[in-house]
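# have a look at this fold, sequence not included:
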């Protein structure tokens, strides 16, 4: 250990992760040039460590993320005996090492201990019984090359056994325990390791998860796109059948039961989140990709996700693949995009938690423990389960990047009525999110829709429906009219339609669940729709398509109808809308000829 520390400090210090840090004694002995992080299964021991440098952690679930950077040195001394899944922990350690980094492990030779003294010398919490030779094999199978080994007679890293490794291994092979003194309770094997040549260059292993419920016709298309990629990438493809009828097994049989596919089944439908939790628990790949069962992958789908993680080694960096239509989506789908959210269109890069979709998504398994990477099973209905997970992960330092690659093609077209119905059903989940995140301004804004009075809701619903029918009319007359609009206007129109459908759907959901309305405070004004963007965009679209007068005549009729139906509460909203439209009309009129003789004062 002293040699490793000295060599690293000659290069200006390094980063060290101490697995089984106890009270952080090793960190206290390092020079300030080191960045030291420690983790231990004992919360009481960690409580005595310097604040912020050590954490209590369930090491059977992997390693804590800390800041997501890689380490030059990782130590694990006096801890592996207590870990149930040592290979998994070593895989996690392997993913945290920099190229050329070193792992230092010290493991009690428990086979020798149990042979010498039986259970009398065995700690009640020890979970492994490997000999020194077997432990070397465990390290090698985890992808490590063992550079040096030594033995300590009393569990002390600083006191190697003078008899040497060869003598100890030979005695073990002959089961000759007489060569060891009785007080040598634990002959500790000390190894310094680096990544093996193959482990340092091999591609990450990958698991692809498909949650499935019914619609085997769509699932068949998705599987036909994924199976060849899984075979090429040596990926495991995990299909979680969430109570489908007929069962997914019948489809796999028709496809020849591909060997790369693992089928898991819930006898009763438990929801998408529960299906993905089951998949997460069974995934073994270092990278996990989620693909919904109605999103057909393009040929480079898996390779593109892996390329992101190769070029973004940060452990808590996740990726959201691109999504486009794989069917004729109609005017509504074309306008809003394949995720029915225009804010996800024509963009790439970091995403906020409010746009954290997991329909086409990937992450590194080593970056998250099992408790983090779980959907909240209270979210049974459609909606907001992705955002709840995304918010938790983002608060824990994770990032989500929207890619222009890793393309999936959505196979279920959206419609105005279907999307409004989905938002209506999502209200119970929205209230769950509000209870978890009461201070988030966006959540407050969403649930304010629940204060909309019944009369105002009916008027708003008629108003939004009339606008959508107007856009359908433009589509039937001009074909793909949205493609004819300037980019800025198309985005304004798409966002206005999306927001209006969302707010009307949510308000309708609150109206159907009358007992929930008391959970939302307000006099109703906060829930009013801002109708100006939708109306302005519709008028502009009609005008640019050559229907200026017809658009204005139609709009005047809609505003008058809204004023009649909505009542006093909406007067200010209607006035604001009328003012916006009047200003727009003034701006669109051609300027009068300039009269040089006119006076301004």
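Nice, thanks for sending it over. Not measured: the values here are computed from a predicted model. Numbering: from 1, shown residues only.

# secondary structure element for residue 137?
Per DSSP states H and E: residue 137 is located in helix 132-141.

# in that helix, which residues are buried?
For helix 132-141, a neighbour-count test (16 or more other CB atoms under 10 Å) marks 132, 135, 136, 138, 139 as buried. From N, CA and C alone the C-beta is placed, and that goes for glycine too.

# these two touch, right, residue 419 and residue 341?
No - using CB atoms under 8 Å, residue 419 makes no contact with residue 341, being 9.9 Å away.

# between these two, who's got more neighbours?
Neighbour totals were compared for residue 419 and residue 341, and residue 419 leads with 20 against 17 (other CB atoms under 10 Å).

# list the residues that contact the more buried one.
The neighbours of residue 419, taking CB atoms under 8 Å, 6 or more residues apart in numbering as the test, are 332, 336, 340, 501, 505.

# pLDDT score for the third one?
Spelled out, it's residue 340. Looking at residue 340, its pLDDT is 92.

# for the closest residue to it other than its chain neighbours, give me phi and psi.
For residue 340, ignoring the flanking residues on the chain, the nearest one in space by CB to CB, 6 or more residues apart in numbering is residue 414 at 4.9 Å. The phi and psi values for residue 414, taken as degrees, to the nearest 10, are phi -90, psi 160.

# same check on the one 4 residues further on?
Here is the backbone geometry of residue 418 (degrees, to the nearest 10): phi -70, psi -40.

# cool, and residue 413?
phi -70, psi 150.

# residues contacting it?
Residues counted as contacts of residue 413 (CB under 8 Å, 6+ apart) are 325, 327, 328, 329, 330, 333.

# please report how far the closest residue to it other than its chain neighbours lies from residue 409.
Nearest residue to residue 413, sequence neighbours excluded (CB to CB, 6+ apart): residue 329, at 4.6 Å. Distance, residue 329 to residue 409, by CB to CB, to the nearest Å: 11 Å.

# spit out the residues that contact those two alike.
Shared contacts of residue 329 and residue 409, counting by CB under 8 Å, 6+ apart, come down to residue 338.

# pull out the buried residues from the longest strand along the chain.
What stands out as the longest strand in the chain, according to DSSP state E, is strand 97-108. By 16+ other CB under 10 Å, the buried positions in strand 97-108 come out as 97, 98, 101, 102, 103, 104, 105, 106, 107, 108.

# repeat that for stretch 85-100.
86, 88, 89, 90, 91, 92, 93, 94, 95, 96, 97, 98.

# just these: which are in strands?
97, 98.

# format the buried residues of stretch 85-100 as JSON lines; extra columns: pLDDT and distance to residue 241.
Listed next are the buried residues of stretch 85-100 as JSON lines, based on pLDDT from 0 to 100; distance: CB to CB, whole Å:
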{"residue": "86", "pLDDT": "84", "distance to residue 241": "32"}
{"residue": "88", "pLDDT": "77", "distance to residue 241": "26"}
{"residue": "89", "pLDDT": "85", "distance to residue 241": "31"}
{"residue": "90", "pLDDT": "85", "distance to residue 241": "33"}
{"residue": "91", "pLDDT": "77", "distance to residue 241": "28"}
{"residue": "92", "pLDDT": "80", "distance to residue 241": "30"}
{"residue": "93", "pLDDT": "85", "distance to residue 241": "35"}
{"residue": "94", "pLDDT": "81", "distance to residue 241": "33"}
{"residue": "95", "pLDDT": "75", "distance to residue 241": "31"}
{"residue": "96", "pLDDT": "81", "distance to residue 241": "35"}
{"residue": "97", "pLDDT": "82", "distance to residue 241": "38"}
{"residue": "98", "pLDDT": "79", "distance to residue 241": "41"}
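
# inside helices: which ones of the buried residues of stretch 85-100?
86, 88, 89, 90, 91, 92, 93, 94, 95, 96 (DSSP state H).

# let's have these in TSV, adding distance to residue 383.
Formatted as TSV, these follow (distance: CB to CB, whole Å):
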residue	distance to residue 383
86	41
88	34
89	37
90	40
91	35
92	33
93	39
94	38
95	34
96	36
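
# low-confidence regions, the stretch 151-300 of the chain specifically.
Low-confidence segments of the stretch 151-300 of the chain, defined by pLDDT under 70: 151-189, 196-204.

# all strands of it, in order?
For the stretch 151-300 of the chain, the strands defined by DSSP state E, counting those that start in this stretch occupy 188-195, 206-212, 236-242, 261-266, 287-291, 295-297.

# okay, now the unreliable bits of the chain?
If you take pLDDT under 70 as the line, the chain has these spans: 1-13, 51-52, 67-68, 108-126, 129, 151-189, 196-204, 514-531, 562-601.

# rerun that using 50 as the cut-off
Low-confidence segments of the chain, defined by pLDDT under 50: 115-117, 120-121, 154-163, 177-186, 516-527, 568-575, 584, 586-601.

# residues touching residue 392, list them.
residue 372.

# on the three-state scheme, it is what?
helix (DSSP: H, G, I helix; E, B strand; the rest coil).

# and it, how far from residue 385?
Using CB to CB, residue 392 is found at 11 Å from residue 385.
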